Structures are given as C-alpha cells and as structure tokens.
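[1] next input, structure requested:
(chains A and B, ligands or ions: 3)
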Amino acid sequence: MTSTIEAPRSPYSRAPRSRGVNWEKWGWIYMRVSGVVLVVLIFGHLFVNLMVGEGVSALNFAFVAGKLTTPFWMVWDVLMLWLALIHGGNGMRTLVNDYATQRLTRGILKSAILAAVVILIVLGTLVVFTFDPCPAGSPADLLPSFCPAS
Amino acid sequence: MSTATATETAPTTAGAPVVPEEIQSFTVTLIIRRYNPEVDDEPHWDDFDVQMYPTDRVLDALHKIKWEQDGSLSFRRSCAHGICGSDAMRINGRNRLACKTLIKDLDITKPVYVEAIKGLPLEKDLIVDMEPFFESFRAVQPFLVANSAPADGKERIQTVAQRERFDDTTKCILCAACTSSCPVFWTDGQYFGPAAIVNAHRFIFDSRDDNAAVRLDILNDKEGVWRCRTTFNCTEACPRGIQVTQAISEVKQAMLRGTL
Ligand code: HEM
Ligand code: SF4
Ligand code: FES
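    Ligands and ions are numbered 1, 2, ... in the order given. As a prediction, this is how the structure comes out:
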C-alpha cells in the first residue's frame, strides 16, 4: 500500500515520433488475433491429449510419435509453436519495458527473449517436420517397440 | 478513540424540546508522505492525529493539520467541491480527490495514508509537477477545430444522439488521477496517458469537429493508445466516473476501422 514509485526519468520530453512500421500497433493486434487462435489450438491440444479415449494414460512416446506423423497434427503443433512463442515473447517484451529502467538492461533482456524465441521456434519446427521415430541404422535396443527393426 | 461531541441546536416545534442529536467525532490518524526539497534528501512519512466527524472529508483533515498543527504542510486545493481538479492524491493507495473522500468511507480503525500522486515529479509534500501531464494534454489538440462556417451565421447544430456520443468524456476536470494511476505511465512517463486520450476522445467523436484524423494520427504513436494494457486503474480512479478505459478502446477501434 505504501510502496513508492519513483518519478519518471525524462519528464519533460517525449521521444520524437518514429516513422515507418507502427510496431506497437501491430503488436497489439497480434496479441489479440493470436490469442483467439491460441484458445482453440491450446484447448484442442489439451482435449485430444488428456481427455479423448483413454485420456492421460494414453500419453507415451508412441502417442506423440503417432501424432507427429499425421499432417493435420503437424500443422496444428507448428501453428501453436509459432503463435504461442511469438505471443509469449512479445508479452515478455512489454513486461521488460515495465520493469527494466536502464537502457542496457532492457537491451540485454529483450535480446535474450528474442534469442530464446528464435531458437525454440527453429528447433521446434525442425523436430515437427523431420521427426522419425525409427531412424534407419539405429541399434535395435534403443528403438521403441513398435519400430519394424526392433 | 476519543469521544468529543458536537451538539447541534435543533429548532423546537410547538414548545416540545427536540432532543438534540449528538454527532460522534473520533480521532483519525493520518500518515502523510512529506518532502521538503530544501531540507530533505528523501521523502518521509509523518503522522498526525485529528479530531474528525464522519461527514468530514480528507481535505478537511488536511486543513485541520495545516491550520492547527503544521503550517508547512503543502497541498493544492481550490474549489473544495470536486470541480477544479487540483487535489488528486493517493489516499490509502488509491487515487482520489481529497475533497470528495469522506472520512466515514475509510477504515479509520487504521491510519489513513496520504501521499502525492505517482509518476509525476514530486515538488513538495502532496504537490507534484503537473507539466508532463499537461504537455500530453496539449499534444492532442484539446480544442474545437472546425473548417466550415456554421449555416446562416448561427451556432453549429448537433442532435441529441450526436452530443450523447462524447458526453462521458466532456466531464473531465484534468485532475490527473487516472494518468498517475496507470502503471504504463509510471514506467517512463512517455505514454500519453489516459487523460490525454479522454480529452482527445471528447473532440474526436464531436460531430462539429473536423480534426479527428489528426488527433487519431497523434495517438497512433508508439507511445499512444497501443501501450494501454486495459488495466482499468484509470476508470477506477476517475472521480468523475468517466469510463476511461472504454474511451481509450473506442479510440483504438476508430483507428483500426479508419472511421468514427
Ligand atoms: C489461451 C490463449 C491465450 C489468449 C486468449 C491470450 C491473450 C492475451 C492478450 C489479449 C494479451 C495482451 C494483453 C494486453 O496487452 O492488454 C496477452 C498478453 C500476454 N500473453 Fe497471452 N494469451 C494466450 C496464451 C498465452 C500463452 C500460451 C502464453 C505463453 C507462451 C502467453 C503469454 C503472454 C504474456 C507474457 C503476455 C504479456 C502480459 C502483459 O502484457 O502483462 N499467452 N495474452
Ligand atoms: S479522466 Fe477522470 S481521472 Fe482522468 S483527469 Fe479527467 S477527471 Fe481526472
Ligand atoms: S479542491 Fe477542487 S477538485 Fe478538490
């Protein structure tokens, strides 16, 4: 109740108006559009994984491997990956703007967020499209039971 | 809690003495965040005990302190009736007008914390520098811009519905309670803030005004309406009951649609 918020750093001058793409506006629109799509994707994902059929007990390597060979679920998962990571990354950017007061701190934190988002999107997308549950030439004892080689 | 009483002289009817009603007064402790730039490095909290009636307001308590206990206490007030907008302050952590906050609406079993509004440079005690706030206000062109002369040299006609469209935002008294309650404004003071958007809304949706496009363009800025995170602090703070967050959303919508 009695917490203290310091006076703003540069009270008398507004940063000059920047021209070009209105990122703040498109970010705002993106948060809402991706949010609506994510509601469907996330709850659909949770429903199919946890409720349908045997429910949560059906979850295992074979279940996930099966989904990742179905084009429908590949598209679903990649969409969820991209939309949620960019959404979460942009959301974290606003939080950094809220709490980090030094220019340098802001720069470091936002770069870290950007790096995390890019790395996770690249790795995730790679996994979804190149996933092979039974890679040829692997030792049979390392392969899951449903592979023809084991 | 002390028990001083005030006795009102009630009129008597038909000779029968009416029992005068006794109004209970009580001691209220105010803890005020003080700052004197000439002697203090940092603001500090001072407490004062004042004898108040339930119908008194926080402003009356401040007056009592200033007039009877510590003349150096500094705060702004002018009308004392919720019209001029000079005495917005943080009372128990919420932005309120001192002249509209009744003692009986506060929990006086605990001390009442009073401090200056946040996010604007503190000058002395409860007084802040309002210039950044008014700078944002001026930036949105808060005046009628009409390019045409009214027909027959008479006034500009407006229907009831046209007037109703922006009625809510005409009520603003520029107290800064909303802007200084906004966490986005607190971050760096660059955001235009709710009050500037409210006052832009008042002219953007006025059928007599011709400069809506210019104002929308000004608020389409990086530090404009898109920084609003719909926290509703502004709506909660506004002593005029203006639906501030809704007004901001209407401005956003007008920008996205490109029409009013
Ligand atoms: C279930 C579907 C979701 C919906 C409908 C949704 C909706 C939204 C909206 C509309 C905002 C903007 C708030 C504002 O600026 O006023 C937001 C912010 C945010 N979202 Fe989501 N979101 C969803 C899922 C997610 C997920 C999966 C993540 C994490 C990856 C996430 C992380 C964030 C973060 C960090 C913010 C910023 C919070 C802030 O501005 O205070 N959201 N969300
Ligand atoms: S909108 Fe309400 S809180 Fe904000 S400056 Fe105007 S009267 Fe004060
Ligand atoms: S003193 Fe004028 S609004 Fe409170």
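[2] for chain A, what are the low-confidence residue spans?
    Scanning chain A for pLDDT under 70 picks out A:1-19, A:149-150.
[3] how about the residues of it by ligand 1?
    A:31-32, A:35, A:38-39, A:42, A:84, A:87-88, A:91-92, A:94-95 (CB under 6 Å from any ligand atom). Where you see a C-beta, it was placed from the backbone N, CA and C, and this is true even at glycine.
[4] show me how to select, in PyMOL, the buried members of those.
    Restricted to buried positions by 16 or more other CB atoms under 10 Å in any protein chain shown, the PyMOL selection for the residues of chain A next to ligand 1 reads:
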select buried, chain A and resi 31+38+84+87+88+92+94
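[5] greatest separation within the residues of chain A next to ligand 1: which pair is it?
    A:39 and A:95 (21.3 Å; CB to CB).
[6] ok so, going back, nearest to ligand 3, of the residues of chain A next to ligand 1?
    Distance to ligand 3, by CB to the nearest ligand atom, is smallest for residue A:94 among these, at 33.5 Å.
[7] who are the contact partners of the closest one?
    Applying CB atoms under 8 Å, 6 or more residues apart in numbering or on different chains to residue A:94 gives the contacts residue B:229.
[8] that one sits in which helix or strand?
    Assessed by DSSP states H and E, residue A:94 sits inside helix A:71-99.
[9] how about residue B:33?
    Using DSSP H and E, residue B:33 maps to strand B:26-34.
[10] so residue A:26 is in which element?
    helix A:23-50.
[11] near chain B, anything from that helix?
    Yes: against chain B, helix A:23-50 shows contacts by CB under 8 Å from any CB of the partner chain at A:23-25, A:27-29.
[12] in that helix, which residues are buried?
    Buried-residue list, helix A:23-50, by 16+ other CB under 10 Å: A:24-25, A:27-28, A:31, A:34, A:38, A:41, A:45.
[13] again, but for stretch A:122-137
    A:124, A:128.
[14] are we agreed that residue A:147 is in a strand?
    No: looking at residue A:147 with DSSP: H, G, I helix; E, B strand; the rest coil, it is coil, so not inside a strand.
[15] quick one, what contacts it?
    Residue A:147 sits next to A:133-134 when contact means CB under 8 Å, 6+ apart.
[16] do the same with residue B:150
    With contact set as CB under 8 Å, 6+ apart, residue B:150 has these partners: B:156-157.
[17] give me that answer again for 10 Å
    B:156-157, B:208 (CB atoms under 10 Å, 6 or more residues apart in numbering or on different chains).
[18] now do residue A:77
    A:41, A:45, A:64, A:67-68, A:70, A:124-125, A:127-128.
[19] mind checking how far it is from residue A:85?
    For residue A:77, the distance to residue A:85 equals 12 Å [CB to CB, to the nearest Å].
[20] overlap in contacts, those two.
    Common neighbours of residue A:77 and residue A:85 (CB under 10 Å, 6+ apart) are residue A:124.
[21] for the stretch 1-150 of chain B, what spans make up the strands?
    Secondary structure of the stretch 1-150 of chain B (DSSP state E, counting those that start in this stretch): strands located at B:5-7, B:22-24, B:26-34, B:44-52, B:88-91, B:94-97, B:112-115, B:122-124, B:127-128.
[22] burial count for residue 105?
    You didn't pick a chain, so chain A it is. 12 (other CB atoms under 10 Å in any protein chain shown).
[23] I was after chain B.
    Residue B:105: 13 surrounding residues under other CB under 10 Å.
[24] and if you look at the one 4 residues further on?
    By the measure other CB under 10 Å, the count of residues near residue B:109 is 9.
[25] and it, how far is that from ligand 3?
    Computed as CB to the nearest ligand atom, to the nearest Å, the residue B:109 to ligand 3 distance reads 26 Å.
[26] that residue and residue B:241, how far apart?
    Distance of residue B:109 to residue B:241, computed by CB to CB: 28 Å.
[27] from residue A:41, how far out is the residue positioned nearest the centre of chain A?
    Here the mean C-alpha position of chain A is nearest to the C-alpha of residue A:85 (CA atoms, centre = their mean), at a distance of 2.3 Å. Taking CB to CB as the measure, residue A:85 falls 12 Å from residue A:41.
[28] cool, and residue B:179?
    37 Å.
[29] what's the answer for residue B:121, then?
    Counting by CB to CB - residue B:121 and residue A:41 are separated by 46 Å.
[30] returning to that earlier point: which strands or helices does the helix holding residue A:26 pack on?
    Packing partners of helix A:23-50 (3 or more CB pairs under 10 Å, 6 or more residues apart in numbering or on different chains; DSSP states H and E): helix A:61-67, helix A:71-99, helix B:244-257.
[31] in contact with residue A:52, which residues?
    residue A:58.
[32] that one should be in a helix, yeah?
    No: counting by three-state DSSP, residue A:52 falls outside a helix, being coil.
[33] state the phi and psi torsions of it.
    The phi/psi pair for residue A:52 (degrees, to the nearest 10) reads phi -70, psi 150.
[34] flag the shaky bits of chain B, pLDDT-wise.
    Across chain B (using pLDDT under 70), the flagged ranges come out as B:1-15.
[35] can we see that at 50?
    Residue ranges of chain B with pLDDT under 50: B:1-4.
[36] return the residues of it in contact with ligand 3.
    B:77-80, B:82-87, B:97, B:99.
[37] and which of those residues is nearest to residue B:173?
    Closest approach to residue B:173 among those (CB to CB): residue B:85, at 3.6 Å.
[38] and the gap between whichever residue of the stretch 51-200 of chain B sits closest to chain A and residue B:182?
    Here the stretch 51-200 of chain B gets closest to chain A at one residue, residue B:189, 2.7 Å apart by CB to the nearest CB. Computed as CB to CB, the residue B:189 to residue B:182 distance reads 10 Å.
[39] which residues do those two both contact?
    Common contacts of residue B:189 and residue B:182 (CB under 10 Å, 6+ apart): residue B:119.
[40] beta partners of residue B:26?
    Using DSSP bridges, the bridge partners assigned to residue B:26 are residue B:52.
[41] next, count neighbours for residue B:20.
    Residue B:20: 11 surrounding residues under other CB under 10 Å.
[42] residues in contact with the closest residue to ligand 1 within chain A?
    Going by CB to the nearest ligand atom, ligand 1 is nearest to residue A:91 of chain A, at 2.2 Å. Residues in contact with residue A:91 (CB under 10 Å, 6+ apart) are A:27, A:31, A:35, A:113.
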